[in-house]
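Asks: take this sequence and fold it.
(2 chains)
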Amino acid sequence: KNQVEQSPQSLIILEGKNCTLQCNYTVSPFSNLRWYKQDTGRGPVSLTIMTFSENTKSNGRYTATLDADTKQSSLHITASQLSDSASYICVVSRASGGSYIPTFGRGTSLIVHP
Amino acid sequence: EAGVAQSPRYKIIEKRQSVAFWCNPISGHATLYWYQQILGQGPKLLIQFQNNGVVDDSQLPKDRFSAERLKGVDSTLKIQPAKLEDSAVYLCASSLGPSGYNEQFFGPGTRLTVL
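Replies: Coordinates of the predicted model:
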């Protein structure tokens, strides 16, 4: 069964601290993995996309890693800011009949306190 | 560039009533998605269109949910009749092509409350 599991479910950190969010998946055949940020009351916005051959990709203070062998990904946030408070969703797409089907994780809710 | 438009933004109905949501994707985007997002959970894909054809609707409760994308542009999602458990945010997204390497752009969503 194609599934995406994220941990922790929620996380509270102090402003300026670093944190790492985890994503494990069983989606097959793997096409790509995206991390999205979803602010409260808004639609998700893509942060990074990673393909099978990529191990690390950065977008400002966000760094995503991918281990295709163990089917794990992480999103590291450096020097957190209050505006980082949001839900972070891992999405893994699989190839299917000439198209691509996304499977969403439940998300990690991050709260950054001053 | 205009984003994905959705309407209405909010809807409150009683159970067993019908409701319809509308989505206008970004111009030129061939792929359109409808998601259901229950509070505290990630979005669940209901249906994916490629132009006006259905790519995947395996998680669409077809006994009560229906969707169409006539002419391959805007789309409507209908629930008939609604149940209490349908209370959720319904997100529409679009991308240039299938969700392989093309980023999905999401609309603001329609928050549905079923009483």
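Asks: the helix or strand bottoming out on mean pLDDT in chain B packs against which elements?
Replies: Ranked by mean pLDDT, DSSP states H and E, the weakest helix or strand in chain B is strand B:53-56, scoring a mean of 90. Counting contacts by 3 or more C-beta pairs under 8 Å, 6 or more residues apart in numbering or on different chains; DSSP states H and E, strand B:53-56 is packed against strand A:99-104, strand B:44-50. For glycine as for every other residue, the C-beta is placed from the backbone atoms N, C-alpha and C.
Asks: so which of those strands is nearest residue A:92?
Replies: strand A:99-104 (5.3 Å; C-beta to C-beta).
Asks: can you name the next helix or strand after the closest one?
Replies: strand A:108-113 (DSSP states H and E).
Asks: quick one: average pLDDT of that following strand?
Replies: Mean pLDDT, computed over strand A:108-113, is 97.
Asks: okay, now the sheet partners of it, with direction.
Replies: strand A:10-14 (parallel), strand A:86-96 (antiparallel) (DSSP bridges).
Asks: worst mean pLDDT among those?
Replies: Among these, strand A:86-96 scores lowest, at a mean of 92.
Asks: my read: residue B:64 touches residue B:85, true?
Replies: No. Contact between residue B:64 and residue B:85 fails when scored by C-beta atoms under 8 Å: they sit 10.6 Å apart.
Asks: those two: who's more crowded?
Replies: Taking other C-beta atoms under 10 Å in any protein chain shown, residue B:64 and residue B:85 do not tie; residue B:64 has more neighbours (14 against 10).
Asks: who in chain A is up against chain B?
Replies: Listed as neighbours of chain B in chain A under the rule C-beta under 8 Å from any C-beta of the partner chain: A:4, A:6, A:31-32, A:34, A:41-46, A:49, A:51, A:87, A:89, A:93, A:95-107, A:109.
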